[in-house]
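In: quick one, structure for this:
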Amino acid sequence: MTVPKLAVSAALIFLTLAACCLAVAARITTRQSALEAEFPPQGQVLMVNGKRVHAIVQGVGPDLVLLHGASGNALDMIAALGPDLAQSHRVIAFDRPGLGYSDPLADQSLKAQALHLAEAARQLQVQAPLVVGQSYGGSVALAWALDAQPRPRGLVLISAPSMPWPGKLDLSYRAADTWAGRALLLPLAAALLPQSYITAAVKTVFAPDTPPPAYAKTISAALILRLPSLRANMAQVNALRAQLVAMQPRYTHLSLPMELLHGTADTIVPIAVHSIPFAQQLASAHLQVIDGAGHMPHYSHRGEVLVAIARAEARAALH
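Out: You can find the predicted model right below:
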């Protein structure tokens, strides 16, 4: 092949790649606009250090904060627990930074998220909240108890990662934590992942339990397909283990009442790795084992979760 032909071929390849990049970028923008039109914010937006924090507030009474897990948003916790808890509490469910309608932070750490959400709570005049966290939200709740004000009067940790785990994360998370993942894979995912991906992910996270009808629509689950949310979620999960390694020695400083609920069939956050050793380490942590439950007992065993929250309230009153 002659030099001119090589130049023409290179130019054609470059133009083709440029066109593909523009098409992907346009698809990302169009899809994000469509998702936000279909699933608008359900609560109020606070400004904390120039960043939006979306909060859904319901009810009147003692303050109770709900923190959702990875890939989710505040509606997951509100749909499961809000109607019951709001009868006797002021319930504040936050979108964690980067998810739902809360802006991402430059620092995605558990501590940074806890401090940021605690400042949003202060704007709402929250005092001594009971903090209820599910999955990754439980890890943020632990960081809140360790480092943030207002200090919680108690914690309820549902299927929560609390201890470093052996092995590595799934390949999808590890691939996203590379230059190629951040530059190529996540934009392609934001542009091209179909709705069937959400359906399959919901079934996986609930297994072996069955998701409620219309769960994905009820909690606006497709908002995770926006590129900023994908980036924030992947960064948070990939950094989680190292942060739990750093937090674990500090757990001995926690004396507040803690109620843990964990299913024996949870394969996402295994009880034997997390809640059992955590409860053995801390006298103030009471573990309720839910036989046969998966990762989402705030839906599959909602009554038991509500009883545990009431138990945490009673213990906090005596603490």
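In: quick one: low-confidence residue ranges for this structure.
Out: Along the chain, the parts satisfying pLDDT under 70 run over 1-22.
In: quickly list the domain ranges of it.
Out: Split into domains by automatic domain parsing, the chain comes to 1-38, 43-318.
In: reformat the ones you listed as TSV; add mean neighbour count.
Out: Yep, even glycine has a C-beta here, placed from its N, CA and C like the rest. Below are the domains of the chain laid out as TSV (neighbours: other C-beta atoms under 10 Å):
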stretch	mean neighbour count
domain 1-38	11
domain 43-318	19
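In: and the strands in the chain?
Out: 44-48, 51-58, 63-67, 90-94, 130-134, 154-158, 258-263, 285-290 (DSSP state E).
In: can you put those in TSV and add distance to residue 252?
Out: Shown next, in TSV, are these (distance: least, C-beta to C-beta, whole Å):
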stretch	distance to residue 252
strand 44-48	30
strand 51-58	31
strand 63-67	23
strand 90-94	28
strand 130-134	19
strand 154-158	15
strand 258-263	13
strand 285-290	11
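In: for residue 220, find the nearest of those.
Out: Comparing the strands of the chain by their distance to residue 220 (C-beta to C-beta), the top pick is strand 51-58, with 11.1 Å.
In: packing partners for the closest one?
Out: strand 44-48, helix 74-85, strand 90-94, helix 110-123 (3 or more C-beta pairs under 8 Å, 6 or more residues apart in numbering; DSSP states H and E).
In: show me what contacts residue 65?
Out: Counting by C-beta atoms under 8 Å, 6 or more residues apart in numbering, residue 65 touches 92-94, 117, 121, 126, 129-132, 152.
In: and the two most separated of these?
Out: Maximum distance among these (C-beta to C-beta): 15.2 Å, for 93 and 152.
In: backbone dihedrals for residue 86, please?
Out: phi -70, psi -10 (degrees, to the nearest 10).
In: please name the nearest non-neighbouring residue to it.
Out: For residue 86, the nearest residue in space outside its immediate sequence neighbours is residue 59; the separation is 3.0 Å by C-beta to C-beta, 6 or more residues apart in numbering.
In: what does residue 61 give?
Out: Using C-beta to C-beta, 6+ apart, the nearest residue to residue 61 is residue 89, at 4.4 Å.
In: output the contacts of residue 65 as TSV; include the columns distance to residue 249.
Out: Below are the contacts of residue 65 laid out as TSV (distance: C-beta to C-beta, whole Å):
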residue	distance to residue 249
92	30
93	31
94	27
117	24
121	26
126	28
129	25
130	25
131	21
132	25
152	20
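In: with just CA atoms, put stretch 312-319 into PDB.
Out: Extracted C-alpha coordinates of stretch 312-319, given in PDB (Å, rounded to 0.1, in the frame of the first residue of the first chain):
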ATOM      1  CA  ALA A 312     -33.400   0.200  67.900                       C
ATOM      2  CA  GLU A 313     -35.600   3.200  68.900                       C
ATOM      3  CA  ALA A 314     -36.300   1.500  72.300                       C
ATOM      4  CA  ARG A 315     -32.600   0.800  72.900                       C
ATOM      5  CA  ALA A 316     -31.600   4.300  71.900                       C
ATOM      6  CA  ALA A 317     -34.100   5.800  74.400                       C
ATOM      7  CA  LEU A 318     -32.300   3.800  77.200                       C
ATOM      8  CA  HIS A 319     -28.800   4.500  75.900                       C
END
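In: now do the same end-to-end measure for stretch 56-74.
Out: 7 Å (C-alpha to C-alpha, to the nearest Å).
In: off-centre distance for that stretch?
Out: How far stretch 56-74 lies from its chain's middle: 12 Å, per C-alpha atoms, centre = their mean, to the nearest Å.
In: also stretch 227-247?
Out: Taking C-alpha atoms, centre = their mean, one finds the center of stretch 227-247 at 10 Å from the center of the full chain.
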